[in-house]
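Enquirer: I would like to see how this sequence folds:
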Amino acid sequence: MEKSMGGNAGSDGLSSWGRIFRAAILMLTLVSLVVSFSAHAQQGDRYHAIIIATKDGAQAPAGGYKLRYAGVYDVEKSNRDGTQARGTMAFSGGNITGSVSTVSSDGETASFNLAGTCSPSPAGYSLTLVNFSPPEHYTLNLSPDGEFLMGTHGETENGHTNQANFIAVRGNDQKFFTDSDMTGTWRFRSFELWDIESNTEREAEIYYGTVQLGSGQGSIQITNIEDDLSTDYEAGPLSYTLRQGGEADFYFAGDPNPVFTGQLSSEGNYMIFSSDESGFQQISMAMKQNPAKTFSAANLNGTYRWQLFRVKNFSSNTPEAQNGYGTITFDGAGNWNAFVLSVYVSNGQTYSGQSSGTYTVSPNGEITLVTAAGGLGSNDIMNGYISKDDATIVFTQAVLVQTTTKTGSLRVFIEPEGARSAGAQWRRVGTSTWYNSGYAEGGVPAGLHNIEFKSVTGWV
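Expert: From the prediction side, this is the model:
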């Protein structure tokens, strides 16, 4: 930008600042040609994912939590494998202790203790587990009421890719849980990876639906989106046994073994699930519904922090896994804007980006997000459930990419410093959000883009 000095236009009808501005557009257009592209979705790619979002908690993690964990390793190699785990963790004064029991995809079991540190970070909280070599690093996000905690981890360790997500609920071993804590309607979303070590039976699936519980009995309605994105629907009776500590075993009719085990949060608003089967990894959670509440788009506003676990073409010869975190902002009027702060991919790379779109909320708290820019294209739609306090949302995603998309990030620097100090910002022509100098806009489609500058007094 150049300081406005007035004066006559040059012989080509442009003042000196106009010639500089035109040159700046040309320069910025060239920059857009050399950005490093971060996400590449090709026509026919199949994606399955779970995305959980929660508003920032006003408190740091403290006290004890019951966790469920799913991890995958070397997904793009022939010796890929996976692990699921359940256990406990306790936070105190910036330190963490805990213990977990694991079952790997080959059936091996193990138990070990957790030890590490937890501290605030720009993305929420940073957890470092020092009892691993090398230490493992997780990004944590906590619900406002402290009842729900989630973590994500993606790193290359000694030449191997290690990706994991966990969900946890606050525990209360002193509480005597009763059937009233279970009674009611629960809505669940589940992301499951089956037979990760198999080259012929490997699959990713999404499950969602409702469970009606009371007096040890219940009914379940399940929609299953299979690996090929076909859909099945099932409904039927079930029973459950509640144990001290808020753990419950669920049984289908005629099966003496529990099909899954749920863990209640201390206040009974959340339930997380796991299974002892070695053949799959699972991230699954449910939230108790408030039948008296009417939800609306207007009630959903502000910024939430989200975490993602996603696979691409999982049953193919070239599977890929992605996990990471970011933010999403709802405006209360049906529009959303999301930032991918960091997503780790099973090829060892990371990417960031941006997407935006619209959302609708049904009176019973079901939410649909439609992507208008960025993401996986025009049919990138996510569906989910909202918690009864509007603070937590669990989405699932099952997408068949319709058109090949390639996006990257565009960074613009504004000179001189005086213009920046005066409030100069930039944006791509045709977009609405202004950015500061040096900001990298993610999710930008490949191609040429013109840049415009915000009007600032004394500068043109």
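Enquirer: contacts, neighbours, all on C-alpha from now
Expert: Fine.
Enquirer: how much space between Ser409 and Lys312?
Expert: Distance, Ser409 to Lys312, using CA to CA, to the nearest Å: 22 Å.
Enquirer: Leu67 now?
Expert: Here the criterion is CA to CA. By it, Leu67 lies 26 Å from Lys312.
Enquirer: what does Met382 give?
Expert: Taking CA to CA, one finds Met382 at 15 Å from Lys312.
Enquirer: list the contacts of Ala127.
Expert: Residue 127: Leu, not Ala. Listed by CA atoms under 8 Å, 6 or more residues apart in numbering, the contact partners of Leu127 are 116-119, 137-140.
Enquirer: who are the neighbours in contact with Phe269?
Expert: One thing to correct before we go on: residue 269 is Asn, not Phe. Residues counted as contacts of Asn269 (CA under 8 Å, 6+ apart) are 147, 287-288.
Enquirer: ok, Phe112 - how many residues close by?
Expert: 11 (other CA atoms under 10 Å).
Enquirer: how close does it get to Pro363?
Expert: If you go by CA to CA, the gap between Phe112 and Pro363 works out to 45 Å.
Enquirer: rewinding a little: quick one, which of the contacts of Leu127 are buried?
Expert: 116-118, 137-140 (16 or more other CA atoms under 10 Å).
Enquirer: any chance you could map the helices in this structure?
Expert: Counting by DSSP state H, the chain has helices at residues 16-33, 179-182, 417-421.
Enquirer: the second one: which residues count as buried?
Expert: The reference is to helix 179-182. Those would be 181-182, for helix 179-182 by 16+ other CA under 10 Å.
Enquirer: report the contact partners of Gly44.
Expert: Neighbouring residues of Gly44 by CA under 8 Å, 6+ apart: 400-403.
Enquirer: Leu242 too?
Expert: Listed by CA under 8 Å, 6+ apart, the contact set of Leu242 reads 177-179, 216, 248-249.
Enquirer: same deal with Thr371?
Expert: By CA under 8 Å, 6+ apart, the residues touching Thr371 are 355-358, 377-381.
Enquirer: go through these and flag which are in strands.
Expert: 355-358, 381 (DSSP state E).
Enquirer: list just the nearest of the residues you listed to Thr102.
Expert: Distance to Thr102 across the ones in strands among the contacts of Thr371 (CA to CA) is lowest for Ile381, with 33.4 Å.
Enquirer: look up the closest residue to the closest one, ignoring the ones flanking it.
Expert: What sits nearest to Ile381 in space, not counting adjacent residues and going by CA to CA, 6 or more residues apart in numbering, is Val370, at 4.8 Å.
Enquirer: wait, doesn't His141 sit right on Gly124?
Expert: Let me fix one detail, which is that residue 141 is Asn and not His. Yes. Using CA atoms under 8 Å, Asn141 is in contact with Gly124, at 5.4 Å.
Enquirer: how much space between Pro416 and Lys454?
Expert: In terms of CA to CA, Pro416 sits 15 Å off from Lys454.
Enquirer: my bad, Ser190
Expert: Per CA to CA, Ser190 is found 45 Å from Lys454.
Enquirer: comparing those two, which residue is more hemmed in?
Expert: Ser190 (22 against 14).
Enquirer: what segments of the stretch 201-350 of the chain are strands?
Expert: For the stretch 201-350 of the chain, the strands defined by DSSP state E, counting those that start in this stretch occupy 203-214, 217-225, 231-243, 247-252, 260-264, 270-274, 280-288, 301-312, 320-331, 335-345, 350-361.
Enquirer: what does the fourth one contact?
Expert: Right, strand 247-252. 237-242, 257-264.
Enquirer: same thing but 10 Å
Expert: Contacts to strand 247-252, defined as CA atoms under 10 Å, 6 or more residues apart in numbering, come from residues 66, 177, 182, 216-220, 236-243, 257-265, 271-275.
Enquirer: same check, this time on the fifth one
Expert: Defining contact as CA under 10 Å, 6+ apart, one finds that strand 260-264 is touched by 66-68, 147, 168-172, 177, 181-182, 240-243, 245-252, 270-277, 284-287.
Enquirer: out of the residues you listed, which end up buried?
Expert: With burial judged by 16+ other CA under 10 Å, the buried subset of the contacts of strand 260-264 is 66-68, 147, 168-172, 177, 181-182, 240, 242, 245-252, 270-276, 284-287.
Enquirer: isn't Ser99 right up against Gly64?
Expert: No. Contact criterion CA atoms under 10 Å: Ser99 and Gly64 do not qualify, at 11.4 Å.
Enquirer: flag the shaky bits of this protein, pLDDT-wise.
Expert: Within the chain, the segments meeting pLDDT under 70 span 1-40, 58, 404-408, 442-443, 446-447.
Enquirer: between Asn141 and Gly124, which one's more packed in?
Expert: Legend: neighbour count by other CA under 10 Å for Asn141 and Gly124, higher for Asn141 (29 against 18).
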